[in-house]
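S.K.: No sequence on hand, only this structure:
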């Protein structure tokens, strides 16, 4: 008798996705706008893209600061115990936080914990830094240099160098993503006691997901990127000073 195996469900692919490409629903926010260790603020998570307060969103998810601190400690000690579950965003949505193209179905708590743990800049912080390169000068050379500086900054984000293991679901409508979340009935998963027990055993046996070398490499990459950004800012200032000096010289010779 020839029996055929029947596959239920979608074909899921495991990928390592840059942190910068991930996005979470704006309806998820913390119960404290001030982060204790690195000064990051999450006030922007309290308002959706269309200006609606998350308090008025019916199924908003409130994360307790203490729970987030516990999760940060767990990830810092044991690494990620499970990959995120994500789907590529089929079209631009107005109610997600982050500039990414992948919508996090499961892993929003881990997303916030990792960003705080690794002291990753928020989208707002990166935008403020980039905007500071513009003076809205009417001088063509300065305007062109400022535009080029902004483009270079856009390619020097540390968020692009932090890769997250993700199960990518081939959904092509938001309805499918919503269906997945309803089936799971949650936005994120805490490590269970059995998970932590297993992770502790792995640690005792010398098996770790997050090595000190990984963090060292991350900080080195971060330092190199900051140096490159510093060089961009320095070059831009030299261009401004040179043009300003030339203009001053022309005025004084009149």
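M.R.: That came through, no problem. All values reported here derive from a predicted model rather than from experimental measurement.

S.K.: Can you pull out the low-pLDDT segments for the stretch 151-254 of the chain?
M.R.: Applying pLDDT under 70 to the stretch 151-254 of the chain flags the ranges 184-192, 195, 207-210, 212, 249-254.

S.K.: Let me see the ranges of the helices in the protein.
M.R.: Taking DSSP state H as the test, the helices found in the chain are 65-78, 108-117, 123-131, 140-154, 174-184, 193-204, 212-252.

S.K.: Does anything pack onto the second one? Which helices or strands?
M.R.: What it means is helix 108-117. Helix 108-117 is packed against strand 22-25, strand 28-30, strand 61-63, helix 65-78, with contacts defined by 3 or more CB pairs under 8 Å, 6 or more residues apart in numbering; DSSP states H and E. Where you see a C-beta, it was placed from the backbone N, CA and C, and this is true even at glycine.

S.K.: right, so of those, which gets closest to residue 231?
M.R.: strand 22-25 (28.7 Å; CB to CB).

S.K.: Quick one: distance of that closest one to the chain centre.
M.R.: Chain-centre distance of strand 22-25: 8 Å, with CA atoms, centre = their mean, to the nearest Å.

S.K.: Partner strands of it, with direction?
M.R.: strand 96-97 (antiparallel), strand 102-106 (parallel) (DSSP bridges).

S.K.: Next, format those strands as TSV and append mean pLDDT.
M.R.: Below are these laid out as TSV (pLDDT from 0 to 100):
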stretch	mean pLDDT
strand 96-97	64
strand 102-106	88
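
S.K.: per-stretch mean pLDDT over the helices and strands packed on helix 108-117, give me the minimum one.
M.R.: Of all these, mean pLDDT reaches its minimum on strand 28-30 (a mean of 55).

S.K.: so can I have TSV of the helices and strands packed on helix 108-117 showing mean neighbour count?
M.R.: Putting the helices and strands packed on helix 108-117 into TSV (neighbours: other CB atoms under 10 Å) gives the following:
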stretch	mean neighbour count
strand 22-25	24
strand 28-30	23
strand 61-63	16
helix 65-78	16
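
S.K.: show me the contacts for residue 148.
M.R.: Listed by CB atoms under 8 Å, 6 or more residues apart in numbering, the contact set of residue 148 is empty.

S.K.: now the helices and strands packed on helix 108-117 in a markdown table, with distance to residue 130?
M.R.: Below are these laid out as a markdown table (distance: least, CB to CB, whole Å):
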| stretch | distance to residue 130 |
| --- | --- |
| strand 22-25 | 19 |
| strand 28-30 | 25 |
| strand 61-63 | 28 |
| helix 65-78 | 27 |
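
S.K.: out of the helices of the chain, deepest packed?
M.R.: Compared across the helices of the chain, helix 108-117 shows the largest average neighbour count, a mean of 23 (mean count of other CB atoms under 10 Å).

S.K.: tell me the angle it makes with helix 212-252.
M.R.: If you take axes from the mean of the first three to the mean of the last three CA atoms, to 10 degrees, helix 108-117 sits at 60 degrees to helix 212-252.

S.K.: quick check: angle from helix 108-117 to helix 65-78?
M.R.: If you take the same axes, to 10 degrees, helix 108-117 sits at 70 degrees to helix 65-78.

S.K.: hmm, back to that, to residue 12, which of the helices of the chain lies closest?
M.R.: Shortest distance between residue 12 and these, using CB to CB, is found for helix 174-184: 11.0 Å.

S.K.: Check what pLDDT residue 112 gets.
M.R.: Looking at residue 112, its pLDDT stands at 88.

S.K.: quick revisit: export the helices of the chain as JSON lines, with columns for distance to residue 100.
M.R.: Shown next, in JSON lines, are the helices of the chain (distance: least, CB to CB, whole Å):
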{"stretch": "helix 65-78", "distance to residue 100": "19"}
{"stretch": "helix 108-117", "distance to residue 100": "10"}
{"stretch": "helix 123-131", "distance to residue 100": "9"}
{"stretch": "helix 140-154", "distance to residue 100": "14"}
{"stretch": "helix 174-184", "distance to residue 100": "14"}
{"stretch": "helix 193-204", "distance to residue 100": "26"}
{"stretch": "helix 212-252", "distance to residue 100": "19"}
